[in-house]
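Student: Would you be able to build a 3D model of this:
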Amino acid sequence: MRNTARLGWSALLLFGLAFPFIAGNDYHLTVMSTAYIYAIATVGLNLITGYTGQFNLAHSGFMAVGAYTVGILTVDYQMPFWAAFALSGLVAAGIGFFVGLVSLRLKTHFFSIFTLCVGYIMYLLIEKWESLTHGTAGIVGIPAPESIAGLDFSEPRTQYYLVLLFLVISMWLMHRIVHSLLGHTFMAIRNSDELAQALGINLMRNKLLAFMLSVFFAGLAGGLYAGYVRFLGPDLGRVEHTFDMTMYMLVGGIGTLAGPLLGAITVPWVTQQLQFLQDYRFVVFGPLLVLLVIFLPHGIVGTWIARRKRKAAQHATAALRVVASKEVRRA
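Tutor: Below is the predicted model of the structure:
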């Protein structure tokens, strides 16, 4: 199973590297690059929701915080892009610390409702605080990332590979987190608060750490988004984007590593292919999602993993029966 996973990751990486050569035009690069950026944010949401069991509905607000950190520092204070980008995730995590201290005292849907309110407050602050965020006019003229080793990141292809690089780094970091003792701690909390506490796990400290790591990824995605599109508006912080990311998790497989990535890439491309239907595309897309939930309740990756485990268990049971029958014959 491990070899199959490595083969799958290698195929995804090769596809990502080859995509600019098979894409029809720059628009396709833009769609894929945007999907990668949202994949980074979705991977962060999956950490707190899929692995820790806390559904954060303010996630898009933290992505907007990272984006506006870059926008404000580069446009209003002429800070270099890379310095502002380095702060985007840290600012989001810093705000996440204070939000988490309050919100994580709540459980289940109470936590989700509280973060929904927090997300709406963040959106209102972005929209109304004109002296800081430029209000509904938004921030325009955000500079492209400064060149590194002669690479001009204002070109669509180099921008694509830059976003792909950060996606690969984000997936590697998340892999390290999930398969570490810390990741197993998060999953123990997800499975049962009471059992985790009985094992000596500090619930508040670990939930807060998961929350901060989650919004750190959202902030980085927002900073990358600001440098890619180079203009920002309050709509980035709307809760609808959190629901979009939730859909990506559900389609790909919540609580899996590759699921959010696959969902974040697949869903935008399916909607793009249905553009010819105009306003009726959701009439087609909605039933497709319903069928997916019915027949693949754990998402694409989650269902595949479950089937692999089921087959492995069947093979193991069959092998034990063969061994047992041989022992009986010998006796």
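Student: Next SSE downstream of the helix or strand Leu29 falls within?
Tutor: Assigned by DSSP states H and E, Leu29 belongs to helix 26-46. Counting by DSSP H and E, the next helix or strand C-terminal to helix 26-46 is helix 59-75.
Student: Which strands or helices does that following helix pack on?
Tutor: Packing partners of helix 59-75 (3 or more C-beta pairs under 8 Å, 6 or more residues apart in numbering; DSSP states H and E): helix 26-46, helix 81-103, helix 108-128, helix 130-133, strand 139-140, helix 203-229, strand 231-232, helix 239-252. Using the backbone N, CA and C atoms, a C-beta is placed for each residue, glycine as well.
Student: Ile148 bridge partners, please.
Tutor: With DSSP bridges as the criterion, Ile148 is bridged to Leu151.
Student: Check the spacing between it and Phe81 real quick.
Tutor: Ile148 sits 11 Å away from Phe81, taking C-beta to C-beta, to the nearest Å as the criterion.
Student: more neighbours, these two?
Tutor: Using other C-beta atoms under 10 Å, the more surrounded residue of Ile148 and Phe81 is Phe81, with 19 against 11.
Student: got a list of what the closest residue in space to the more buried one that isn't next to it in sequence touches?
Tutor: Among residues not flanking Phe81 along the chain, Pro145 sits closest, at 4.8 Å (C-beta to C-beta, 6 or more residues apart in numbering). With contact set as C-beta atoms under 8 Å, 6 or more residues apart in numbering, Pro145 has these partners: Phe81, Trp82, Phe85, Phe153, Leu162, Gly227.
Student: what about burial for these, which qualify?
Tutor: Buried members of those, scored by 16 or more other C-beta atoms under 10 Å, are Phe81, Phe85, Phe153, Leu162, Gly227.
Student: Quickly name whichever of those residues is closest to Met212.
Tutor: Nearest to Met212 among the buried ones among the contacts of Pro145: Phe85, at 18.2 Å, using C-beta to C-beta.
Student: wait, that closest one sits on Tyr228?
Tutor: No - at 11.1 Å, Phe85 does not count as touching Tyr228 under the criterion of C-beta atoms under 8 Å.
Student: need the contact list for Leu261.
Tutor: Leu12, Ala39, Thr42, Val43, Leu167, Met171, Gly252.
Student: so how far is Gly94 from the residue nearest to Asp193 when sequence neighbours are not counted?
Tutor: Of all residues not flanking Asp193 in the chain, Leu203 sits nearest, at 6.0 Å (C-beta to C-beta, 6+ apart). Using C-beta to C-beta, Leu203 is found at 22 Å from Gly94.
Student: hang on, the earlier thing: most tightly surrounded among the helices and strands packed on helix 59-75?
Tutor: Each of the helices and strands packed on helix 59-75 was scored by mean neighbour count; the highest is helix 203-229, a mean of 25, by mean count of other C-beta atoms under 10 Å.
Student: Centre of the chain to the host helix or strand of Leu165, how far?
Tutor: In the assignment (DSSP H and E), Leu165 maps to helix 156-178. Helix 156-178 sits 12 Å away from the centroid of its parent chain (C-alpha atoms, centre = their mean, to the nearest Å).
Student: And stretch 131-140, by the same measure?
Tutor: On C-alpha atoms, centre = their mean, the centre of stretch 131-140 falls 26 Å from that of its chain.
Student: Check the separation of the first and last residues in that stretch.
Tutor: Chord length of stretch 131-140, first to last residue, is 15 Å (C-alpha to C-alpha, to the nearest Å).
Student: let's have the chain start at 13 instead
Tutor: In the new numbering, first residue 13, that becomes stretch 143-152.
Student: neighbouring contacts of that stretch?
Tutor: With contacts defined as C-beta under 8 Å, 6+ apart, stretch 143-152 is touched by 80, 83-84, 87, 137-142, 242-246.
Student: Closest to Gly231 out of those?
Tutor: Closest to Gly231, out of all of these and judged by C-beta to C-beta, is Tyr80, at 10.0 Å.
Student: Just give the number of residues close to the residue lying closest to Gly245 once chain neighbours are set aside.
Tutor: Distances taken as C-beta to C-beta, 6+ apart place Gly150 nearest to Gly245, at 3.9 Å, with adjacent residues excluded. Burial measure for Gly150: 17 neighbouring residues, criterion other C-beta under 10 Å.
Student: picking that back up, give me every residue that touches the residue nearest to Asp205.
Tutor: Going by C-beta under 8 Å, 6+ apart, the list of residues near Leu215 reads Ile201, Asp205, Ala208, Gln209.
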